[in-house]
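S.K.: predicted model and sequence below, questions to follow.
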Amino acid sequence: MSYYSPSIEKLIEGFEKLPSIGHKTAVRLAFHILNASNEEVIDFINSITNAKENLKYCSKCFNISDTDPCPICSSPKREQNEICVVEDVKDVIAMERTHEFKGVYHVLHGSISPMNGIRTR
């Protein structure tokens, strides 16, 4: 038996679908949203909608960006002959924070493990 109304329960279930979000965190997030102002909630919803509608994969490196090609691939300051292959977009961000790599990237969006039958797409 749930102690929450069906609307709150559905909101909690929605948060639980997110990675690394357990039931307790989902409950905290749900009540945070419920206690937020309508303006804050609308801004949050709009940011999610905007990201889903406007983000795309770069046709050169497969990074996620608002533009195609992405700012890294389109930069004349980048070394186009140096390519760093990374598993995920988060790895691009981590590399960029070091300010050391001046080349471009190729984002796999997953790992390659031929021994486990995971190959390129």
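M.R.: Okay, I see it.
S.K.: put the alpha carbons of stretch 25-34 into CSV.
M.R.: Taking Å, rounded to 0.1, in the frame of the first residue of the first chain, the C-alpha atoms of stretch 25-34 are listed here in CSV:
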residue,chain,number,x,y,z
THR,A,25,16.2,10.2,-3.3
ALA,A,26,13.2,10.0,-5.6
VAL,A,27,10.9,11.0,-2.8
ARG,A,28,13.1,13.9,-1.8
LEU,A,29,13.2,15.1,-5.5
ALA,A,30,9.5,14.7,-5.9
PHE,A,31,8.8,16.8,-2.8
HIS,A,32,11.4,19.4,-3.8
ILE,A,33,9.5,19.8,-7.1
LEU,A,34,6.2,20.0,-5.3
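S.K.: for that stretch, buried residues please.
M.R.: Residues of stretch 25-34 classed as buried: 26-27, 29-30, 33 (neighbour count, 16 or more other C-beta atoms under 10 Å). (C-beta placed from N, C-alpha, C; glycine too.)
S.K.: could you do stretch 95-111 as well?
M.R.: 95, 104-105, 107.
S.K.: other residues contacting the top helix by length along the chain?
M.R.: In the chain, taking DSSP state H as the definition, the longest helix is helix 38-54. Residues from elsewhere that reach helix 38-54, judged by C-beta atoms under 8 Å, 6 or more residues apart in numbering: 33, 36, 66.
S.K.: show me the helices in this protein, by range?
M.R.: 6-16, 23-35, 38-54, 71-74, 89-98.
S.K.: look at Met115 and report its pLDDT.
M.R.: Met115 carries a pLDDT value of 72.
S.K.: mind listing what it touches?
M.R.: Counting by C-beta under 8 Å, 6+ apart, Met115 has no contacts.
S.K.: quick one: residues contacting Lys60.
M.R.: Residues in contact with Lys60, defined by C-beta under 8 Å, 6+ apart, are 69-70, 73, 104.
S.K.: mind checking how far it is from Ser7?
M.R.: Taking C-beta to C-beta, to the nearest Å as the criterion, Lys60 is separated from Ser7 by 44 Å.
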